[in-house]
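# Got a sequence here, can you model it:
(chains A and B)
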Amino acid sequence: MIDWGAFFVVAGASLLASTVVVSLYSLGLRLLTSAGRALVVDPASFTGAITVLTPKRAAKEAKRRRKSATANPLTAFQKRLALVGAYACFSVSVAAVLYGVYLIVPALHR
Amino acid sequence: MDLTLIVALVIALSLVFDFTNGFHDTANAMATPIATGAMRPKVAVGLAAVLNLVGAFLSTEVAKTVSGGIIREGNGGVQITPQIIFAGLIGAIVWNLITWLRGLPSSSSHALFGGLIGAAIIGIGVQSVDFGVVFAKVILPALIAPVTVGVVALIATRLAYFITRRDAGKADGRGGFRYAQIFSSSLVALAHGTNDAQKTMGVITLTLIAGGFQAVGSGPQWWVICTCALAIAIGTYTGGWRIILTMGRGPHRRQARPGLRRRDQHGRDHPRVQPPRLRALDNSGRLRLRHRVRPRPPRGDRALGHGRPDRTRLAADPARLRGHGRVRRRLHAARADRTRHRPGPRLGHRRSVVPAVAAHPHHPRQPARHR
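The predicted model follows:
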């Protein structure tokens, strides 16, 4: 009567998909940081919203980013490798999201 | 009344419902990226409206469930009339508007289904509703979805923190999650379009089938899809403007009104009026308003009963009791009791006052940002 199997499939699929996408994106951020290019969002570019970073804190973050760029134990080759890995992670997670969009549009796979 | 007129009325009402639905649910998709500063409010709201519009065109599966599943209509079943749908819609719209006014994040779709089911029970009878389908496709998902998604989000958040952890003082790149939020909230808006616009399409299709304007079991027509998509998109945009106006005024009440000025414990004016919701846990674990936390005398003195009115001292000096009412006396007695029976300080017990709720972004005391 009630299709419990469907619920388990949905729960499992959402767990799998979200953990994979989140892991890939986080890994991309991690590799980007290792390569010395940590993403720091400039609060000035989001003037319409709540200021999440105070100017003091933003300066701190910028300093931190410069520091991590200079004091990096990795060699130039390893940095480049990390950068390539980061972009690979980002593209795979974007591809996963696009696949999700493809799945919810029946017109595309019929 | 003329059947065509009623059908037209029901279609208009459905579009109003669709509008309130979009109006109601903009916040679900776009409040988080606006609040974290991932997107500018105007951009976020425009994007939500466009994605709702696009999403409504993507698929019509949900619409078919609504128009053909829950109530047994057509040959062999019962005859559902446009009047019943009309009544159901009115109920759903009123519920939507009230929950919107009160700021409750309630489900528009379940209000719609509830209205339709109730109207069908009164108009036709209990046998008209397929309760098996209602339970399996409406009630059960509503119960299971929050739990499942909560667990999934818990695991995913833990993973994200685990992967991006670094030593304190080093850049961890977590600011980049804000870019991902643009995509995730866009997908929420898209999914809202594919899901909720279709509920209205289903209702209009059901009306057309009931009025005999459309074949039983057929899908929604193209003009139904277009008008529904437009209605939900306009509703989303309008609802979003309210968010922008709220954000423009500031996320909290910044201006101190003269009557609300508070003093800190040393009697100075507080630099900023604290948000009224901010509460603090005192060391006994009770919730107290933060500005109520008073300085205490040193512990040794308190143990001796100094610094507080003591029942024994009050009782020993009857002159001091004169002029105090019975209520006042009781109050003193209760206070003295509390002082006397307070358990001694435990080692490792936190004495500091910590905000129980997430601290306000401008509050001087900020919780640790990195875990």
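
# tell me the domain boundaries of chain A?
What automatic domain parsing lists as the domains of chain A is A:34-73, A:74-110.

# Contact partners for the most centrally placed residue in chain A?
Nearest to the mean C-alpha position of chain A, counting by CA atoms, centre = their mean, stands residue A:25 at 2.8 Å. Neighbouring residues of residue A:25 by CB atoms under 8 Å, 6 or more residues apart in numbering or on different chains: A:89, A:90, A:93, B:160, B:177, B:180. Bear in mind the C-beta positions are built from the backbone N, C-alpha and C, glycine included.

# From these, which one has the minimum pLDDT?
Lowest pLDDT among the contacts of residue A:25: residue B:177, with 80.

# What are the buried residues along the helix or strand hosting that one?
Using DSSP states H and E, the element containing residue B:177 is helix B:177-210. For helix B:177-210, burial by neighbour count (16 or more other CB atoms under 10 Å in any protein chain shown) applies to B:177-178, B:180-181, B:183-210.

# again with stretch B:17-31
Of the residues in stretch B:17-31, B:17-27, B:29-31 count as buried by neighbour count, 16+ other CB under 10 Å.

# taking those one by one, which sit in strands?
Using DSSP state E, no member of those sits in strands.

# helix, strand or coil for residue B:106?
Assigned with DSSP: H, G, I helix; E, B strand; the rest coil, residue B:106 falls in the coil class.

# actually residue A:62, sorry about that
Classified using three-state DSSP, residue A:62 is helix.

# do you know how far it is from chain B?
10 Å (CB to the nearest CB, to the nearest Å).

# Give the buried residues for the strand or helix carrying residue B:142.
Assigned by DSSP H and E, residue B:142 belongs to helix B:140-163. Using 16+ other CB under 10 Å as the test for burial, helix B:140-163 gives B:148, B:152, B:156, B:159, B:160, B:163.

# Next: stretch B:231-243.
Buried, per 16+ other CB under 10 Å, within stretch B:231-243: B:231, B:232, B:233, B:234, B:235, B:236, B:237, B:238, B:239, B:240, B:243.

# Among these, which lie within helices?
Among the buried residues of stretch B:231-243, the ones falling in helices (DSSP state H) are B:231, B:232, B:233, B:234, B:235, B:236, B:237, B:238, B:239, B:240, B:243.

# And the helices in chain A, which stretches?
Assigned helices in chain A, in chain order: A:4-34, A:55-70, A:76-104 (criterion: DSSP H).

# Next: chain B.
Taking DSSP H as the criterion, chain B carries its helices at B:3-36, B:41-58, B:61-68, B:82-102, B:108-123, B:131-134, B:140-163, B:177-210, B:222-249, B:299-303, B:311-316, B:318-321, B:326-341.

# Return the member of the domains of chain A having the minimum mean pLDDT.
With a mean of 64, domain A:34-73 has the lowest mean pLDDT of these.

# Start and end of that domain, how far apart?
Start-to-end span of domain A:34-73 (CA to CA, to the nearest Å) is 9 Å.

# Please apply the same query to stretch B:115-135.
So stretch B:115-135: terminal residues 15 Å apart, CA to CA.

# Quick check: mean pLDDT of it?
Mean pLDDT, computed over stretch B:115-135, is 80.

# what domains does the record give for chain B?
B:3-249, B:279-341+B:350-371.

# And the ones you listed, which one averages the lowest pLDDT?
For the domains of chain B, where the average pLDDT is lowest is domain B:279-341+B:350-371, sitting at a mean of 49.

# Relative to chain A, which of the ones in helices among the buried residues of stretch B:231-243 is nearest.
Among those, residue B:243 lies closest to chain A (CB to the nearest CB), at 11.1 Å.

# circling back: what's the most distant pair in the contacts of residue A:25?
Spatial extent of these (CB to CB) is set by the pair A:90 and B:160 at 14.4 Å.
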